[in-house]
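Q: Based on what follows, work out the 3D shape:
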Amino acid sequence: MPLHPSARPSDAGLPLVVPGEVVEPNGPSVAILTLREVRPIADYGGLHEAEDVLRDTLAAGMYRVMLASPRFARPPFHLPWMRRALGATRLAHPYRIEHHQRFGEPADVLIVLVSDLTDASVLVGLPEWHELGRQVVMHIGVVTEHEIRHYPELIAMLRRRVDALFAGSEFPPLGFMHSERLHTVGVVPPLLDVLAFPTKDPAERSIDVFSPGAEPPGQHQLLRQWAANNDGQYQQDVGQLGAVTSVEQHRRIFTNMASRSRVFLTNFDQFNRRRRDRRHREVGSRFYEAMAAGCALAGDLPTSSRQFGEYVADAHPLQFPLHSERLPAEVAAALGDPEESQRLGNAARAAALRGNDVAHRWQAMAEAAGIPVSDGITQRISALDELADQLVGPSSPAPEPEPAPKPEPDSAEA
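A: Below you'll find the model as predicted:
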């Protein structure tokens with residue numbers, strides 16, 4: 001299968017496969033099973049970009065899940081829930097797999113990236129999909145207790161068919177899914193192509209604040225007041241993106257809008273909204289997108305989240321509680337001083353380049369699952385490190401721990 005990596009100016013120096021070139025893998029053979037043809041929804045653009053990076057860096061073959069017949073694109077079968085129901089009951093098979101594997105089948109490793117369990121439920125109606133790879137690795141962006149209860153057949157199938165399962169959300173814990181085959185279960189943050197966000201000069205960042213999510217009343221009022229008083233631009237929504245049906249166009253507009261922003265509003269996520277989980281706040285994908293875009297981060301921060309300390313803290317995000325009555329001084333300083341917002345944005349972009357790319361995520365999953373990491377992944381990570389060094393300088397090594405002081409002699413022995 002010819003490879004068609006997207007060419008972006010920010011990719012300079014990265015190892016890419018020449019379109020049409022057949023590259024033999026230097027590690028285990030890899031295949032990717034993609035659902036992109038049966039979920040043409042704009043919000044999946046980031047997931048598709050991650051698949052493309054893995055395809056190129058792992059020299060992977062690609063299988064596409066397709067509609068089995070044009071009639072499944074017509075009412076009432078055009079509704080995804082209707083097709084899922086048909087597949088689950090075995091009354092019909094609305095999906096088929098288009099084979100594109102180049103290196104023989106099955107591959108050593110089959111990768112499946114899905115947004116959530118609803119997305120993954122397509123697989124229930126695809127018999128023997130897991131046989132495309134000897135070892136199956138799946139990443140699910142968000143898992144909720146509601147979906148676990150809603151898809152018991154899917155959960156049972158994953159325990160029988162998957163070898164390593166990773167979720168981008170920390171709660172609920174998925175240890176209960178361990179089985180004789182499913183030996184590795186863990187948390188790996190969402191997969192993101194950092195280089196999909198183009199680099200922008202400070203003069204090109206014409207949006208002062210970008211907030212593509214919900215409209216928090218306190219924050220929203222304060223930011224509107226700041227914009228009105230300072231002739232600033234507060235982009236609260238994503239404009240006409242809701243009317244864009246092309247996944248690629250939607251993603252391109254979003255990444256460019258984010259990269260033209262100085263400050264990105266990033267509030268905690270709560271994927272499980274049960275009362276007893278009220279305190280459990282998580283890092284959502286907006287944090288990683290803001291960092292990749294080189295924005296200063298500000299919002300109500302999930303500081304208790306493991307992902308925050310491990311992957312976000314180096315961006316030095318600014319605390320801005322949801323129900324603030326006044327604009328925090330640090331946020332006001334970043335909004336009022338383009339140099340300060342640029343300093344924070346560069347730190348965020350460098351942290352994303354050094355630790356938040358899909359290559360880093362695959363390295364973590366592969367090592368947890370006992371899969372050798374290919375040269376393509378290590379080369380991309382090295383190239384990303386070089387880009388970070390060019391932006392903010394080489395990262396400082398961790399300081400050596402000071403030796404423990406010698407105990408004072410006991411006064412009774414003196």
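Q: for the spatially closest residue to Ile148 that is not a sequence neighbour, what are its contacts?
A: Distance criterion C-beta to C-beta, 6 or more residues apart in numbering; nearest residue to Ile148, sequence neighbours excluded, is Ile155 at 6.3 Å. Any C-beta I mention is one placed from the backbone N, CA and C, and that applies to glycine too. Contacts for Ile155 (C-beta atoms under 8 Å, 6 or more residues apart in numbering) come out as Leu117, Ile148, Met177.
Q: ranking those residues by neighbours, who comes first?
A: Leu117 (20 neighbours; other C-beta atoms under 10 Å).
Q: thought it was touching His150?
A: Yes. With contact defined as C-beta atoms under 8 Å, Leu117 counts as touching His150 (7.5 Å).
Q: low-confidence ranges in the stretch 151-300 of the chain?
A: Along the stretch 151-300 of the chain, segments meeting pLDDT under 70 span 238-243, 272-279.
Q: what about the strands in it?
A: 164-167, 184-187, 207-210, 234-235, 261-265, 296-299 (DSSP state E, counting those that start in this stretch).
Q: elements contacting the shortest one?
A: Put plainly, it is strand 234-235. strand 207-210, helix 217-230 (3 or more C-beta pairs under 8 Å, 6 or more residues apart in numbering; DSSP states H and E).
Q: Which positions in stretch 327-336 come out as buried?
A: Within stretch 327-336, the residues that count as buried by 16 or more other C-beta atoms under 10 Å are Leu327, Glu330, Val331, Ala334, Leu335.
Q: Excluding chain neighbours, what is closest to the fourth one?
A: Meaning Ala334. Using C-beta to C-beta, 6+ apart, the closest residue to Ala334 is Ser341 (4.5 Å).
Q: I'd like the next helix or strand past the strand or helix carrying that neighbour.
A: Per DSSP states H and E: Ser341 is located in helix 338-355. The first helix or strand that comes after helix 338-355 along the chain, using DSSP H and E, is helix 358-369.
Q: Taking helix 338-355 as reference, get the angle to that following helix.
A: Going by axes from the mean of the first three to the mean of the last three C-alpha atoms, to 10 degrees, helix 358-369 is angled at 40 degrees with respect to helix 338-355.
Q: picking up where we left off before, secondary structure for the buried residues of stretch 327-336 - can I get that in JSON lines?
A: Listed next are these as JSON lines, based on DSSP: H, G, I helix; E, B strand; the rest coil:
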{"residue": "Leu327", "secondary structure": "coil"}
{"residue": "Glu330", "secondary structure": "helix"}
{"residue": "Val331", "secondary structure": "helix"}
{"residue": "Ala334", "secondary structure": "helix"}
{"residue": "Leu335", "secondary structure": "helix"}
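Q: re the thing from before, quick check: the residue nearest to Ile148 vs Arg149, distance?
A: 9 Å (C-beta to C-beta, to the nearest Å).
Q: again with Ala92
A: Counting by C-beta to C-beta - Ala92 and Arg149 are separated by 25 Å.
Q: between these two, which one's more packed in?
A: Between Ala92 and Arg149, Ala92 has the larger neighbour count (other C-beta under 10 Å), namely 16 against 9.
Q: The more buried one: what's it in contact with?
A: Neighbours of Ala92 in contact, by C-beta under 8 Å, 6+ apart: Leu86.
Q: Just to be sure, it is in a strand?
A: No. With three-state DSSP as the criterion, Ala92 is coil rather than part of a strand.
Q: Please report phi then psi for the closest residue to His93 other than its chain neighbours.
A: Closest residue to His93 apart from its sequence neighbours, by C-beta to C-beta, 6+ apart: Ala68 at 5.6 Å. Backbone torsions for Ala68, taken as degrees, to the nearest 10, come to phi -70, psi -20.
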